[in-house]
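**Student:** with the sequence up front, the predicted model follows.
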Amino acid sequence: MSALKLDGKELSRVSEDSIKNRVSDLIKKGVKPTLATILVGNDPASETYVKMKRNTCARVGMESIAVEMPDTTTTEELLLKIQELNANDKVHGILLQHPVPSQIDERKCFDSIGVNKDVDGVTCLGFGNMSMGIDAYGSCTPAGIIRLINHYNLNVEGLNAVVVGRSPILGKPMAMMLLNLNATVTICHSRTKDIERIIQNADLVVGAVGIPKFIKSNWLKKDAIVIDAGYHPEKCGDIDLDGIEENASAYTPVPGGVGPMTINTLVLQTLESAEKL
Ligand code: NAP
């Protein structure tokens, strides 16, 4: 049997249409949903990500405000800018592009974003609320993955889920979201022993490692659900998807799986923030 392809490209396209309609309804009521993006320094990859996020805002009729700060910016200067945006009633969401230059205390800056404007789901408070099942904006990549899982009606309750990676924006929130869906969750990281054996028992695997094809196709259990969050210049992810259609029950393609859902979730959560006013 051929595996179910979890098509993030298509789901995000359909979602954009519905977001566009909701944005237009809000604009008629006098509210223009607005995302402030903060880019510190001139890392080319970060510049590209911010540009893609602002382009998506424009496509759905949302406003975006581009804040660009030099790579010599201090923590205090960035905190001041975030406070200014927190206080601006016209701004519904704040995105601080990760990573910031090393002299900046990134965690402190993330946590200074008001939780009601934390549409990228990066604050400790937002993470804590989400983990406790309290309404919160999820970190966009794992929240986008959960939207894919729900859209395709995959029931993860009771599944043995393995998340490879424990970063604050991806692996950790992913694990908590799967736990909240009643999966039994194992988190692997760089000190984990015998990852291959752990993955061989997984009914659901999330690759969030940042190493091309780190998870080998022959480690995957037959009929597992395979989610690949990675994306590398060689157009592959963190999982070797060779033969995936014959062996998995469902999988995310690379590209066109998890990636498009991330930006779509950011825009959706900005809209939700604007709708709450
Ligand atoms: P990250 O911050 O670099 O974290 C990588 C995680 O992988 C860490 O927890 C690390 O463990 C673990 N790891 C590294 N080497 C390992 C090894 N040999 N064995 C087991 N675990 C290992 O990366 P990230 O930001 O979470 O991103 C992960 C992947 O997702 C990347 O490919 C990135 O491009 C992709 N991503 C995609 C999107 C999207 O929109 N599609 C968004 C964000 C990220 P330690 O904690 O022990 O160091």
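**Tutor:** It's in.
**Student:** close to the ligand: what parts of the stretch 51-200 of the chain are there?
**Tutor:** 141, 164-167, 169-171, 188-192, 195 (Cβ under 6 Å from any ligand atom). For the C-beta atoms, the positions are set from N, CA and C on the backbone; glycine is no exception.
**Student:** can you give me the strands for the stretch 101-250 of the chain?
**Tutor:** For the stretch 101-250 of the chain, strands defined by DSSP state E, counting those that start in this stretch occupy the ranges 160-164, 184-188, 204-207, 225-228, 250-251.
**Student:** strand partners (parallel or antiparallel) of the third one?
**Tutor:** Just to be clear, that refers to strand 204-207. strand 160-164 (parallel), strand 225-228 (parallel) (DSSP bridges).
**Student:** name the residues of that strand that are buried.
**Tutor:** Leu204, Val205, Val206, Gly207 (16 or more other Cβ atoms under 10 Å).
**Student:** what distance separates that strand from the centre of its chain?
**Tutor:** In terms of Cα atoms, centre = their mean, to the nearest Å, the centre of strand 204-207 is found 15 Å from the chain centre.
**Student:** quick one: the nearest residue to Ile104 once chain neighbours are set aside and the ligand, what's the gap?
**Tutor:** Distances taken as Cβ to Cβ, 6 or more residues apart in numbering place Thr75 nearest to Ile104, at 5.1 Å, with adjacent residues excluded. Noted for Thr75: a distance of 20 Å to the ligand, by Cβ to the nearest ligand atom, to the nearest Å.
**Student:** just give me the neighbour total for Thr75.
**Tutor:** 15 (other Cβ atoms under 10 Å).
**Student:** nearest the geometric middle of the chain, what residue?
**Tutor:** Thr141 (1.5 Å; Cα atoms, centre = their mean).
**Student:** got the contact list for it?
**Tutor:** Ile169, Leu170, Met174, Ala208, Ala229, Val258, Met261, Thr262, Thr265 (Cβ atoms under 8 Å, 6 or more residues apart in numbering).
**Student:** apart from its neighbours in sequence, what residue is nearest it?
**Tutor:** Using Cβ to Cβ, 6+ apart, the closest residue to Thr141 is Thr262 (4.7 Å).
**Student:** pLDDT value on the one you found, please?
**Tutor:** We have a pLDDT of 97 for Thr262.
**Student:** could I get the full set of helices for the chain?
**Tutor:** 8-28, 44-59, 75-87, 106-111, 124-131, 140-151, 171-180, 195-200, 244-247, 258-275 (DSSP state H).
**Student:** for Thr37, which of those is the nearest?
**Tutor:** helix 44-59 (5.0 Å; Cβ to Cβ).
**Student:** could you list the domains of the chain?
**Tutor:** 27-116, 140-260 (automatic domain parsing).
**Student:** could you tell me how far the last one lies from the centre of the chain?
**Tutor:** Distance, stretch centre to chain centre, for domain 140-260: 13 Å (Cα atoms, centre = their mean).
**Student:** between the two ends of stretch 63-74, how far is it?
**Tutor:** The straight-line separation of the ends of stretch 63-74 (Cα to Cα, to the nearest Å) is 27 Å.
**Student:** could you do stretch 146-164 as well?
**Tutor:** 16 Å.
**Student:** tell me the mean pLDDT for that stretch?
**Tutor:** 98.
**Student:** which residues does Lys20 contact?
**Tutor:** Arg59, Val60, Gly61.
**Student:** so which of the residues you listed is the most crowded?
**Tutor:** So for the contacts of Lys20 (other Cβ under 10 Å), the most neighbours sit at Val60, 22 neighbours.
**Student:** does that one touch Leu266 like I think?
**Tutor:** No. Applying Cβ atoms under 8 Å, one finds Val60 not in contact with Leu266, separated by 11.2 Å.
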